[in-house]
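Trainee: Mind folding the following:
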Amino acid sequence: MDALSELAEALRRRLIERARDGADGGGGLEAEVRELVEREASALDPDRRDALVERVDRLASGLGPLDPLLEDPEVDEVMVNGPRSVWVERAGRLEHAAVSFVTEAELTHAIERILAPLGRRVDEASPLCDARLADGSRVNVVIPPLSLEGPCLTVRKFRREGFSLEDLEENGTLAPDVGAFLADCVRARASILVSGGTGSGKTTTLNALSGVIPTGERIVTIEDAAELRLRQRHVVRLEARPANLEGRGEVTIRQLVRNALRMRPDRIVVGEVRGPEALDMLQALNTGHEGSLTTVHANSPADALRRVETLALMAGLGLPHAAVREQVASALDLVVHQARSEGGARRIEAVEEVVRVAGGAGTRELFSRRPGAPSELRHPEGTELAERLARLEAPADRTAA
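Mentor: Next up, the predicted model:
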């Protein structure tokens, strides 16, 4: 640490002590910092005092070098791998950012400033933490001894205005005929599973599909970290809660799914199924809550169904595998699979209908971007989904929301 950084850190600690003692200069943080610098570092030349004021102010408020990145609308994600390695994602591509923290302590302070207002913390006993910022951005923190690079911070920025299906068509995520078809499926109360890998855009697509739900329906959304922004008026947003520092008070996605059934929902939208709540979701879909939407991590539509089966079996109720497969076949109508290309573009790669096959659920391809596969959308025929679509009284009104 250079001398200026050491002095800045010492002055930051002095500010904290003054705040604890109740001292208040009355002129705001910047004025208080400047007054402290003028008194404690008067021997420095004016330029170095100005630089010291800026550094102390940055340490005492905000997130230091990360602030410009978090304010940049083109940055989707910020990844800090220790104090001197900061990366960002722009337009689906990773770039090394020309910023860094001076010391590991400075990075640790930034992490504390993120977590403290949320009532969360990380330490050697609890070196992992997930949190959500006030603007909806998701935060993940890993510190030593689990991280060998020093404290690691990942911030996935939240888009205030969600994409519509039209937006996804314009940016090439989906073809226009696919967008119109998916809108019809939502209006026809088809139960849709959006699958894909990490960062493939599943939540963005889920939000766009949710926007097609008619405004007169009551929607309950359930998420680990609230990201969905539905435009309808009658939306109840539920968010899971981790255990507190004493290990109490946890509320899981599974508990929220069960509770949602008592809230008279027309639709249930689960941000992601990743555990035994998959069984409760399947049971809800099979007991009068058709038209619900969710996402799952998977590499293909077929893998998505198998993963849902596996997650449902994690509920530990001793259900036969065949019974779970039957529930999957009855509950889900459509799998929309999304992927991110090597160039960073996020696209819907396949749309497949869930059909009954020997031993449970299978999929039938309706659309695919795979090389050599027909790219024209094929509509379902002779299935329950086809019957739902046939019962629609009017063409898709994708501005209903």
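Trainee: Would you map the strands across the stretch 1-150 of the chain?
Mentor: Taking DSSP state E, counting those that start in this stretch, the strands of the stretch 1-150 of the chain run over residues 75-81, 86-90, 93-96, 128-132, 138-142.
Trainee: any chance of those in a markdown table, plus distance to Arg264?
Mentor: From N, CA and C alone the C-beta is placed, and that goes for glycine too. A markdown table is the format used below for the strands of the stretch 1-150 of the chain (distance: least, C-beta to C-beta, whole Å):
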| stretch | distance to Arg264 |
| --- | --- |
| strand 75-81 | 36 |
| strand 86-90 | 40 |
| strand 93-96 | 45 |
| strand 128-132 | 27 |
| strand 138-142 | 30 |
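Trainee: Comparing those, which yields the minimum mean pLDDT?
Mentor: The weakest mean pLDDT among those belongs to strand 128-132, with a mean of 85.
Trainee: Okay, buried residues for it please.
Mentor: By neighbour count on 16 or more other C-beta atoms under 10 Å, the buried set for strand 128-132 is Cys129, Ala131, Arg132.
Trainee: Which single one of these is nearest to Asp224?
Mentor: Arg132 (8.7 Å; C-beta to C-beta).
Trainee: ok, the residue lying closest to the closest one once chain neighbours are set aside to Arg241 distance?
Mentor: Excluding the flanking residues, the one nearest Arg132 by C-beta to C-beta, 6 or more residues apart in numbering is Ala225, at 4.2 Å. According to C-beta to C-beta, to the nearest Å, Ala225 and Arg241 sit 11 Å apart.
Trainee: Neighbour count for the two, which is higher?
Mentor: Each of Ala225 and Arg241 has its neighbours counted (other C-beta atoms under 10 Å); Ala225 has more, 20 against 13.
Trainee: Settle this for me: that one is touching Leu133, isn't it.
Mentor: No. Contact status for Ala225 versus Leu133: not in contact, 9.3 Å apart, counting by C-beta atoms under 8 Å.
Trainee: I'd like the distance between Val322 and Glu239.
Mentor: Check again: residue 322 is Ala, not Val. Looking at Ala322 against Glu239, where the rule is C-beta to C-beta, the gap reads 35 Å.
Trainee: out of these two, which sits in the more crowded spot?
Mentor: Higher neighbour count among Ala322 and Glu239: Glu239, with 16 against 10, using other C-beta under 10 Å.
Trainee: just the strands in the stretch 301-401 of the chain please.
Mentor: 334-340, 346-357, 360-368.
Trainee: average pLDDT across the shortest one?
Mentor: The average pLDDT within strand 334-340 is 94.
Trainee: Now do that strand: which elements does it pack against?
Mentor: helix 176-187, strand 192-196, helix 202-210, helix 301-313, strand 346-357 (3 or more C-beta pairs under 8 Å, 6 or more residues apart in numbering; DSSP states H and E).
Trainee: Does Asp184 touch Ala390 like I think?
Mentor: No. Assessed by C-beta under 8 Å, Asp184 is found out of contact with Ala390, at 10.4 Å.
Trainee: The two: which is more packed in?
Mentor: Remark: of Asp184 and Ala390, Asp184 carries more neighbours, 20 against 9, as counted by other C-beta under 10 Å.
Trainee: measure the more buried one to Glu77 for me?
Mentor: 33 Å.
Trainee: Ile253 now?
Mentor: For Ile253, the distance to Glu77 - C-beta to C-beta - is 23 Å.
Trainee: So which of these two has more stuff around it?
Mentor: Higher neighbour count among Ile253 and Glu77: Ile253, with 24 against 17, using other C-beta under 10 Å.
Trainee: was I right about the more buried one contacting Leu238?
Mentor: No. Counting by C-beta under 8 Å, Ile253 does not reach Leu238; the two are 9.1 Å apart.
Trainee: where do the contact lists of those two overlap?
Mentor: Common neighbours of Ile253 and Leu238, using C-beta atoms under 8 Å, 6 or more residues apart in numbering, are Ile222, Glu223.
Trainee: The strands of the stretch 301-401 of the chain into JSON lines, with extra columns for distance to Arg378 and mean neighbour count?
Mentor: Output for the strands of the stretch 301-401 of the chain, formatted as JSON lines (distance: least, C-beta to C-beta, whole Å; neighbours: other C-beta atoms under 10 Å):
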{"stretch": "strand 334-340", "distance to Arg378": "13", "mean neighbour count": "23"}
{"stretch": "strand 346-357", "distance to Arg378": "9", "mean neighbour count": "21"}
{"stretch": "strand 360-368", "distance to Arg378": "5", "mean neighbour count": "19"}
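Trainee: Show the pLDDT at the residue lying farthest from the centre of the chain.
Mentor: The C-alpha centroid of the chain is most remote from Ala43, which lies 49.1 Å away (C-alpha atoms, centre = their mean). Ala43 is assigned 73 on the pLDDT scale.
Trainee: cool, Leu29 as well?
Mentor: 59.
Trainee: Please apply the same query to Gly22.
Mentor: At Gly22, pLDDT is 55.
Trainee: Excluding chain neighbours, give the residue nearest to Val235 in space.
Mentor: Ile219 (4.8 Å).
Trainee: how near is that neighbour to Val139?
Mentor: On the measure of C-beta to C-beta, Ile219 and Val139 end up 26 Å apart.
Trainee: neighbour-wise, which of those two wins?
Mentor: Higher neighbour count among Ile219 and Val139: Ile219, with 24 against 20, using other C-beta under 10 Å.
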